[in-house]
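Student: with the input below, show me the fold.
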Amino acid sequence: MRVAHFSDLHFCQEHLAEVDHCMTAAVAAAIEEDVELAIISGDATDHRLDLNAPAVYRLAQLVHTLSNQCPVLMLQGTFSHEPPGTLDLFRYMGGRFPVFVADAIQQVALLENNQWVSALDGEGSWVFEQFPAKTKAIISCLPAVNKANLVAALGQDDVGAMGDTVHELLCGFGLVNQRARVEGITTIAVSHGTVNGSLTEHGVPMMGLDHEFTIGALFAAKASAFMLGHIHKSQGWEHALPGYGTQRAAYAGSIGRLHYGEEGEKGWLFWDVDHRNAAYRLMPTPARKLIHLDFQGVPDMETIREAIKEAPGAFVRVRYSVDEEHRHSVDREAVALAFKAAGACAVKIEGRVLPILRARAEGISKSGTLDDKLRQWAATTGTDAAPLTERLTDLVHLDVEEILKRIINPMSQPQDPVVAPSIPAPDEHVTSGNPETPVPAKVSQNDASNIDLFS
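Tutor: Sure thing, here's the model as predicted:
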């Protein structure tokens, strides 16, 4: 069976130009490949949308176009992206073939007449005790797991309980899928969640005990193909099933490039599935090109010149972080003009100015002398105090001419310091033998206020 697997469309006004362009191309390619089934594995929308939103209109058009080619199954995705009830409208968007919305845990049968039958339609069991007549495919559906409900039901202490519960659930699917395999019925599983060890679109591994799936749990469902949504990077795993063939599980990834720094190609997966084996290949979409540059400091022009070579048709974002004192050394306008001149569609310059943090020297006010204050400050700031203390001594004991000589000719022999006579403060008096006769202070020739600049 030829199956088109789409995921993480994220239709909304913000992303509409990108996702509409990519999904339109994907639907056209799927029709050209003459697919027999289309599956959207969650997050068809990005957030709650009004019914009159252009994004809803375009998504409905594309789903209807697909349903004129083959049956369509839409899986409930993350609740923050697809609030419960969002997909209900699409049940009525079918064309020549019906659209099935899987918003509960269940198995669904696709009959030879291309009609859908849910296990929940019978006695209420979520798996098939008996397969409907003329079933050609069994699709095991596990919508996005509500972690809050699971934590409330299972308790917060056991962080691995959710994974254990999901594993048991998939094993329940596996018992039925094993029977279907024996009867020659194609088996597919669809879910929306995180596989432990998978990579995000930015290349970050998802490791933790609270993720929904392990690779082993996926293959415990015993489905030939396990079609996943939620992670925006296309990736997959395979497992040999003794006596049969090869099981495969894969993320289709997002249909378009939605965020700066995303790695890899964007597209949809074209699956070829039967009761024994599954194979897929990524079908690229015309996703936009995003260039992201991040500088810790002033932007490096050499790096920018290299990036400009890839600028034609790209959306560019340049980020930098500089100290407050260097904020004016970044020519934002020049960087933006350089990319636009090279053919970039849009350029965003985002600068972050780091404030200068000045450390206070604790106890410096209690130091008795200027020399002690200097040493206290040096200890606080991690500065070598020795050369500073030497210069402070020069400032205190040498006159201006001697300091200038030492600066101009550092190799000159140091002279004995000339101690400048101190001038009494205004409230002090120097007395002679006659205590009632004030003695005027002697004016120092080294006093800066008495230096004749024109002599």
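
Student: hey, where'd the helices end up in the stretch 201-350 of the chain?
Tutor: 215-220, 301-308, 332-341 (DSSP state H, counting those that start in this stretch).

Student: ok, which of those comes nearest residue 249?
Tutor: Nearest to residue 249 among the helices of the stretch 201-350 of the chain is helix 215-220 (4.5 Å), distances taken as C-beta to C-beta. Where you see a C-beta, it was placed from the backbone N, CA and C, and this is true even at glycine.

Student: how many residues are close by the nearest residue to residue 263 once chain neighbours are set aside?
Tutor: Distance criterion C-beta to C-beta, 6 or more residues apart in numbering; nearest residue to residue 263, sequence neighbours excluded, is residue 203 at 5.2 Å. Number of residues near residue 203 (other C-beta atoms under 10 Å) recorded here: 11.

Student: residue 52 now?
Tutor: 7.

Student: tabulate the helices of the stretch 201-350 of the chain (TSV), appending distance to residue 138.
Tutor: Below are the helices of the stretch 201-350 of the chain laid out as TSV (distance: least, C-beta to C-beta, whole Å):
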stretch	distance to residue 138
helix 215-220	16
helix 301-308	49
helix 332-341	52
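
Student: the ones you listed: which one's closest to residue 316?
Tutor: helix 332-341 (4.9 Å).

Student: the closest one - what's its average pLDDT?
Tutor: For helix 332-341, mean pLDDT is 90.

Student: what residues of that helix count as buried?
Tutor: Residues 335-336, 338-339 are the ones in helix 332-341 that count as buried (16 or more other C-beta atoms under 10 Å).

Student: let me know the pLDDT of the residue most central in space within the chain.
Tutor: Residue closest to the average C-alpha location in the chain (C-alpha atoms, centre = their mean): residue 202, at 6.4 Å. The model reports residue 202 with a pLDDT of 87.

Student: which residue ranges form the strands in the stretch 151-300 of the chain?
Tutor: 186-192, 225-229, 235-240, 246-251, 267-273, 278-284, 289-296 (DSSP state E, counting those that start in this stretch).

Student: most packed of those?
Tutor: strand 225-229 (a mean of 29; mean count of other C-beta atoms under 10 Å).

Student: between that one and strand 235-240, how big is the angle?
Tutor: On the basis of axes from the mean of the first three to the mean of the last three C-alpha atoms, to 10 degrees, strand 225-229 is oriented at 160 degrees to strand 235-240.

Student: same for strand 225-229, what does it pack against?
Tutor: When contacts are defined as 3 or more C-beta pairs under 8 Å, 6 or more residues apart in numbering; DSSP states H and E, strand 225-229 packs onto strand 2-6, strand 186-192, helix 215-220, strand 246-251, strand 267-273.

Student: still on that earlier bit, name the nearest residue to the residue nearest to the centre of the chain, sequence neighbours excluded.
Tutor: residue 261 (5.2 Å).

Student: if I pick the one you found, what's in contact with it?
Tutor: 201-202, 290, 292 (C-beta atoms under 8 Å, 6 or more residues apart in numbering).

Student: now residue 319
Tutor: Contacts for residue 319 (C-beta under 8 Å, 6+ apart) come out as 292-295, 350-352.

Student: related to what we said a few turns ago, and the helices and strands packed on strand 225-229, which one's lowest on average pLDDT?
Tutor: helix 215-220 (a mean of 93).

Student: buried stuff in that one?
Tutor: 215, 217-220.

Student: can I get the residues you listed in TSV with distance to residue 134?
Tutor: TSV is the format used below for these (distance: C-beta to C-beta, whole Å):
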residue	distance to residue 134
215	34
217	31
218	28
219	28
220	28
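
Student: and the two most separated of those residues?
Tutor: 215 and 220 (9.9 Å).
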